[in-house]
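Peer 1: from the sequence below, what's the structure:
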Amino acid sequence: MGTISVGVNLTAFISISNSGTTALNLGNIQINGSGAGAFTSSAVSTQNVAPNTSANLSLTFNTTTAGNYTAFVTIANNVLGKNPYTFTVFATASVIPDIAVKQTANILANGAGNYVFANQNVNSASADVTFVIF
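Peer 2: Numbers count the residues shown, from 1 in each chain. Next comes the predicted model:
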């Protein structure tokens with residue numbers, strides 16, 4: 001599914017097509033494997049898929065822990081030799097770095113923040129000003 005920041009949802013929309021000549025009957029959807037807890041699925045939009053039509057399913061990845069995740073999505077169906085239909089999903093959650101700067105309690109917004117130094121006479125001492133990156 002890709003790489004996302006920890007705690008952010010990433011949803012893939014999946015189309016299940018019936019290219020056969022009879023109805024495709026879809027059953028339960030299961031997600032298994034070591035990374036299964038990071039994935040959830042919606043119910044399919046229809047369980048009885050007529051020939052030359054499709055059903056929709058969404059698969060969402062979300063975790064609060066950085067790492068690589070693998071799971072197996074299994075869809076029960078009535079197709080001889082393809083029941084159940086299983087495919088693998090992969091995703092990576094990363095802690096994406098962020099930066100902010102503040103001077104005392106004033107946060108200096110990216111591209112819009114500013115700090116105005118007080119007027120100072122040439123060749124005279126001034127108080128130190130500290131900026132904090134957090």
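Peer 1: going by C-alpha atoms from here, please, whenever you check contacts or count neighbours.
Peer 2: Noted.
Peer 1: quick one: the strands in the protein?
Peer 2: 2-5, 10-17, 24-32, 39-41, 48-49, 54-61, 67-77, 85-94, 101-103, 106-108, 132-133 (DSSP state E).
Peer 1: dump these to CSV, plus distance to Ser126.
Peer 2: Listed next are the strands of the chain as CSV, based on distance: least, C-alpha to C-alpha, whole Å:
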stretch, distance to Ser126
strand 2-5, 43
strand 10-17, 51
strand 24-32, 64
strand 39-41, 57
strand 48-49, 76
strand 54-61, 53
strand 67-77, 48
strand 85-94, 43
strand 101-103, 16
strand 106-108, 20
strand 132-133, 19
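Peer 1: out of those strands, which one sits most buried?
Peer 2: Ranked by mean neighbour count, the strands of the chain are led by strand 39-41 with a mean of 19 (mean count of other C-alpha atoms under 10 Å).
Peer 1: partner strands of that one and their direction?
Peer 2: Next to strand 39-41 in the sheet, as set by DSSP bridges, lie strand 54-61 (antiparallel).
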